[in-house]
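Chemist: sequence and predicted structure below; questions after.
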Amino acid sequence: MKTVHTLIALSMLGLLAGCASSKSGDVYTREQTRQVQTVKMGVIESVRLVKIEGTKSPVGTATGAVVGGVAGSTMGGGKGKILTTVAGAVAGGLAGSAAEEYITKKDGVELTVKLDNGGLIAIVQEATEEFHPGDRVRVLEGGGTTRVTH
């Protein structure tokens, strides 16, 4: 029975990891395709490594509560079984929420760009492409999203 609980927990954690969306400069949502984007040229002034926090959706909490409740229901008997089920669900919900945020956390980069028109902007995106001060870059804006690419 313990193996079944472990398999359920691992499956739920895999589901959480699949829910993470990318904030990379080279990933587009389906809605962003075939949309006009404004292109501005510039030079990287500075690069700073940052962390992009993970998601905090009800999925992690609910998943953890189910797994914790199932695990708790295997302990105790009578009223004790009800208490361990509830305690397991609460503890599992808290653990599931924390696990979701940890699993979906990403490494990011804050890029400060000196635009050719003299403006200075900063953009944070996932650190999937390497940038260095002095790099010539494109800043793409459209549909409420801005990204920096080479």
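Modeler: Thanks, I have it. Since the model is a prediction, treat every value here as computed from it, not as a measurement.

Chemist: can you tell me the closest non-neighbouring residue to Gly88?
Modeler: Spatial nearest neighbour of Gly88, excluding adjacent residues (Cβ to Cβ, 6 or more residues apart in numbering): Gly72 at 2.1 Å. (C-beta placed from N, C-alpha, C; glycine too.)

Chemist: domain assignment for the protein?
Modeler: Here the domain assignment for the chain is 1-22+54-104, 35-53+106-150, based on automatic domain parsing.

Chemist: check the ones you listed for me: which has the lowest mean pLDDT.
Modeler: Per-stretch mean pLDDT for the domains of the chain is lowest at domain 1-22+54-104 (a mean of 68).

Chemist: turn the domains of the chain into TSV, including distance to Thr29.
Modeler: Below are the domains of the chain laid out as TSV (distance: least, Cβ to Cβ, whole Å):
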stretch	distance to Thr29
domain 1-22+54-104	8
domain 35-53+106-150	8
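
Chemist: my read is Glu101 is in a helix, agree?
Modeler: Yes: with DSSP: H, G, I helix; E, B strand; the rest coil as the criterion, Glu101 is part of a helix.

Chemist: tally of neighbours for it?
Modeler: Glu101 has 16 neighbouring residues, counting by other Cβ atoms under 10 Å.

Chemist: wait, it touches Ser57, no?
Modeler: No: between Glu101 and Ser57 there is no contact under Cβ atoms under 8 Å: 9.6 Å.

Chemist: direction included, what does the longest strand anywhere in the chain pair against?
Modeler: Ordering each strand of the chain by length in residues (DSSP state E) puts strand 38-52 first. Looking at strand 38-52 with DSSP bridges, its partner strands are strand 106-115 (antiparallel), strand 136-142 (antiparallel).
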